[in-house]
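build the 3D model from these lines:
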Amino acid sequence: MKNKLKKLFCQALPFAVFLAGMLTVPTFAVDDMWVVADRIIVDVYNHIAGISTVLAALMTTVCVVGMKLSNNQQKVDQSVDWLKRIWIAWAIINGIGAFLAYVRPLLDGLATIKP
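Residues are numbered from 1 along each chain as shown. Predicted coordinates for the structure are as follows:
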């Protein structure tokens, strides 16, 4: 029994290697890994900035409506504080993109090592 399994394994192994070689498909990378990563990061950031803009507009509307409908000065002050936080967060999120858009071209080519 043991010899039969050994013989079967020895016969099947070359066939399996040949079959694996025939079924592999060569792939050729079109872009560098860093180019693809940069594209993904920019795409994700653009989605985040778009969503943050929509949410900031929606939350600003909620705060302003809350301020107008409220008859309590403390709630109005809280709404104003929330408006400040919303606008600051939106400015920071979009400021990161603006900073990278203007600074990154200045830094291109500085990461290379020249012999």
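
can we go C-alpha only for contacts and neighbour counts from here?
Will do.

next, count neighbours for residue 79.
For residue 79, the neighbour count with other C-alpha atoms under 10 Å is 21.

measure it to residue 101 for me?
Distance from residue 79 to residue 101, counting by C-alpha to C-alpha, to the nearest Å: 33 Å.

ditto for residue 3
Counting by C-alpha to C-alpha, the gap from residue 3 to residue 101 is 69 Å.

neighbour count winner among these two?
Taking neighbours as other C-alpha under 10 Å, residue 3 and residue 101 compare with residue 101 leading, 11 against 8.

would you map the helices across this structure?
Taking DSSP state H to define them, one finds helices in the chain at 2-23, 33-69, 73-107.

any idea which of those helices scores lowest on pLDDT?
Across those, helix 2-23 has the smallest mean pLDDT, namely a mean of 79.

which other residues reach it?
Taking C-alpha atoms under 8 Å, 6 or more residues apart in numbering as the criterion, no residue outside helix 2-23 touches it.

need the CA coordinates for it. PDB is fine.
Taking C-alpha atoms only, helix 2-23 is exported to PDB below (Å, rounded to 0.1, in the frame of the first residue of the first chain):
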ATOM      1  CA  LYS A   2       2.800   2.400   0.900                       C
ATOM      2  CA  ASN A   3       4.700   1.600  -2.300                       C
ATOM      3  CA  LYS A   4       1.600   2.200  -4.400                       C
ATOM      4  CA  LEU A   5       1.100   5.600  -2.900                       C
ATOM      5  CA  LYS A   6       4.800   6.500  -3.400                       C
ATOM      6  CA  LYS A   7       4.700   5.400  -7.000                       C
ATOM      7  CA  LEU A   8       1.400   7.300  -7.600                       C
ATOM      8  CA  PHE A   9       2.900  10.400  -6.000                       C
ATOM      9  CA  CYS A  10       6.100  10.200  -8.100                       C
ATOM     10  CA  GLN A  11       4.000   9.900 -11.300                       C
ATOM     11  CA  ALA A  12       1.500  12.600 -10.400                       C
ATOM     12  CA  LEU A  13       4.100  15.200  -9.200                       C
ATOM     13  CA  PRO A  14       5.600  15.900 -12.700                       C
ATOM     14  CA  PHE A  15       2.200  16.100 -14.200                       C
ATOM     15  CA  ALA A  16       1.000  18.600 -11.500                       C
ATOM     16  CA  VAL A  17       4.100  20.700 -12.000                       C
ATOM     17  CA  PHE A  18       3.600  20.700 -15.800                       C
ATOM     18  CA  LEU A  19      -0.100  21.500 -15.300                       C
ATOM     19  CA  ALA A  20       0.700  24.400 -13.000                       C
ATOM     20  CA  GLY A  21       3.200  25.800 -15.500                       C
ATOM     21  CA  MET A  22       0.700  25.600 -18.300                       C
ATOM     22  CA  LEU A  23      -2.100  27.300 -16.300                       C
END
